[in-house]
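K.L.:
Quick one, fold the following:
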Amino acid sequence: MPSVLSYFWTLNCSHIFLCRVDINRDKKISAKEMQRWIMEKTEEHFQEAVEENKMHFRAVDPDGDGHVSWDEYKIKFLASKGFNEKEIAEKIKNNEELKIDEETQEVLDNLKDRWYQADNPPADLLLNEEEFLSFLHPEHSRGMLKFMVKEIIRDLDQDGDKKLTLSEFISLPVGTVENQQAQDIDDDWVKDRKKEFEEVIDANHDGIVTMEELEEYMDPMNEYNALNEAKQMIAVADENQNHHLELEEILKYSEYFTGSKLMDYARNVHEEF
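P.N.:
As a prediction, the model looks like this:
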């Protein structure tokens with residue numbers, strides 16, 4: 001049984017959430033109000049990312065020349081994973097082979113791809129502070145957004161037309177079905193992806209998702225996406241089906257509305273990328 005202190009903490013958080021989002025003070029939250037809050041949180045994340053980037057850039061630019069090489073970043077990255085920084089730096093300097101586990105190497109390969117994409121023309125394999133921001137936070141860069149869309153299309157486009165049909169979109173590997181429970185999970189996954197394709201991504205409802213539609217869908221500052229997400233969030237707890245959230249509903253679903261996924265919206269946005 002939750003403690004009295006825990007109950008009042010939840011009550012307080014729910015009140016704070018309601019007050020922050022409820023602009024017209026009618027003691028309930030509409031989809032438009034939730035949309036505004038989502039957009040504000042996304043913009044807040046963008047501003048925080050710029051400040052965070054300055055700190056990270058200084059950390060990986062030891063000589064302070066205003067540019068970071070891939071090797072400089074690689075050394076700092078591996079050091080953050082527990083490798084000896086001096087040993088790694090020495091081996092890279094001497095072009096010696098690094099003994100890195102397969103999982104870490106896979107992450108490094110993906111990061112290197114992003115590094116190349118963030119390196120604006122003329123490409124020199126050195127990132128300045130602005131390019132480094134695009135590398136760490138792809139959601140800030142239209143070019144990186146286009147790159148990620150190309151990667152998705154490449155992985156899912158089976159007939160090479162650079163577009164996605166519904167069948168291609170839901171062909172993502174979702175695991176091997178070994179029992180009924182796994183089958184149900186896979187069925188739910190397919191159902192959710194089908195709804196996402198038809199109702200959200202396929203803007204003109206022609207049964208085909210183009211690269212432009214996918215890029216628009218993935219843009220975190222897309223107002224339509226924010227509104228759609230707002231409606232989905234409200235639907236989770238809208239027990240009286242009035243298309244609004246009231247304090248009682250927020251309290252009942254307090255873990256969802258005051259938990260890390262929503263209160264730490266910056267992390268949530270970044271994880272999408």
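K.L.:
which sections of the chain are below the confidence cut-off?
P.N.:
The chain contains residues with pLDDT under 70 at 1-15, 17, 172-186, 256-273.
K.L.:
all strands for the stretch 151-273 of the chain, in order.
P.N.:
Remark: strands assigned in the stretch 151-273 of the chain by DSSP state E, counting those that start in this stretch are 164-165, 208-209, 245-246.
K.L.:
okay if I get these as TSV plus distance to residue 188 and mean neighbour count?
P.N.:
To be clear about C-beta, it is placed using only N, CA and C from the backbone, and glycine gets the same treatment. Formatted as TSV, the strands of the stretch 151-273 of the chain follow (distance: least, C-beta to C-beta, whole Å; neighbours: other C-beta atoms under 10 Å):
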stretch	distance to residue 188	mean neighbour count
strand 164-165	21	22
strand 208-209	21	19
strand 245-246	24	24
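K.L.:
how about those strands in a markdown table, adding distance to residue 129?
P.N.:
Conversion of the strands of the stretch 151-273 of the chain to a markdown table gives the following (distance: least, C-beta to C-beta, whole Å):
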| stretch | distance to residue 129 |
| --- | --- |
| strand 164-165 | 35 |
| strand 208-209 | 35 |
| strand 245-246 | 41 |
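K.L.:
Of those, which is nearest residue 28?
P.N.:
Ranking the strands of the stretch 151-273 of the chain by proximity to residue 28 (C-beta to C-beta) places strand 245-246 first, at 4.8 Å.
K.L.:
by contact count, what packs against the closest one?
P.N.:
The contact analysis (3 or more C-beta pairs under 8 Å, 6 or more residues apart in numbering; DSSP states H and E) places strand 245-246 against strand 28-29.
K.L.:
Just to check, residue 114 is in contact with residue 144?
P.N.:
Yes - here residue 114 reaches residue 144: they are 7.3 Å apart, a contact under C-beta atoms under 8 Å.
K.L.:
which residues do these two both contact?
P.N.:
residue 138 (C-beta atoms under 8 Å, 6 or more residues apart in numbering).
K.L.:
So for residue 70, which of the strands of the stretch 151-273 of the chain sits nearest?
P.N.:
Per C-beta to C-beta, nearest to residue 70 of the strands of the stretch 151-273 of the chain: strand 164-165, 32.1 Å.
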